[in-house]
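Enquirer: This is the structure alone, sequence omitted:
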């Protein structure tokens, strides 16, 4: 239970979860701009820039996520594996998964290290990743609202542990998953 409280504190520090609820809920949005406007939520990795400080990365790493997603009769299964291509180690990172159709509201079991942060969002920690290291596979198996014929899945690094990642092409994916039971790779 203490680990969950610490994980919640870390998400709050990132600006993913606020006292009013998850960022992006009730009219708030994650800011893509360096400066915050009144009433706008700023991600933790942008907070220094919003306050006028220069960004000081702790090194450079290249995070990547590869895996697959399949949709069958209203259930989506996502398997992804994080990898750090280096050159620096990543002390901790968080990956966000966002569906175009929200998961069902009833209690669903998420893997350890994952938390639902909004109606359509789940954030999972990757753990520490040494340069050149492949992390542990993250598997989510969730029921979606209704039985959609297709779902758009967005995957991307929410937080990279303070290191710079100049190659964003391999840690951001959009996958169209059709209700065929086939695995769609990314």
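Expert: Alright, I've got the coordinates. Please read all numbers here as calculations on a predicted model, not as lab measurements.
Enquirer: Once you drop chain neighbours, what's closest to residue 89?
Expert: Distances taken as CB to CB, 6 or more residues apart in numbering place residue 130 nearest to residue 89, at 4.9 Å, with adjacent residues excluded. C-beta here means a position set from N, CA and C on the backbone, and glycine is covered the same way.
Enquirer: should've said residue 103
Expert: Distances taken as CB to CB, 6+ apart put residue 142 closest to residue 103, at 4.5 Å, once the chain neighbours are dropped.
Enquirer: Helices of this structure, residue ranges please.
Expert: With DSSP state H, the ranges of helices along the chain come out as 2-14, 44-50.
Enquirer: count of neighbours near the residue nearest to residue 103?
Expert: By other CB atoms under 10 Å, 19 other residues sit near residue 142.
Enquirer: Isn't it up against residue 75?
Expert: Yes - if you go by CB atoms under 8 Å, residue 142 and residue 75 touch, sitting 7.0 Å apart.
Enquirer: contacting residues for residue 129?
Expert: Neighbouring residues of residue 129 by CB atoms under 8 Å, 6 or more residues apart in numbering: 61, 63, 82-84, 89-90, 93, 135.
Enquirer: Go through the residues you listed and flag which are in strands.
Expert: Under the assignment DSSP state E, the contacts of residue 129 contribute 63, 82-84 to strands.
Enquirer: Please identify the one among those residues that lies nearest to residue 122.
Expert: residue 82 (14.6 Å; CB to CB).
Enquirer: do you know how far that closest one is from residue 62?
Expert: With distances taken as CB to CB, to the nearest Å, residue 82 is found 11 Å from residue 62.
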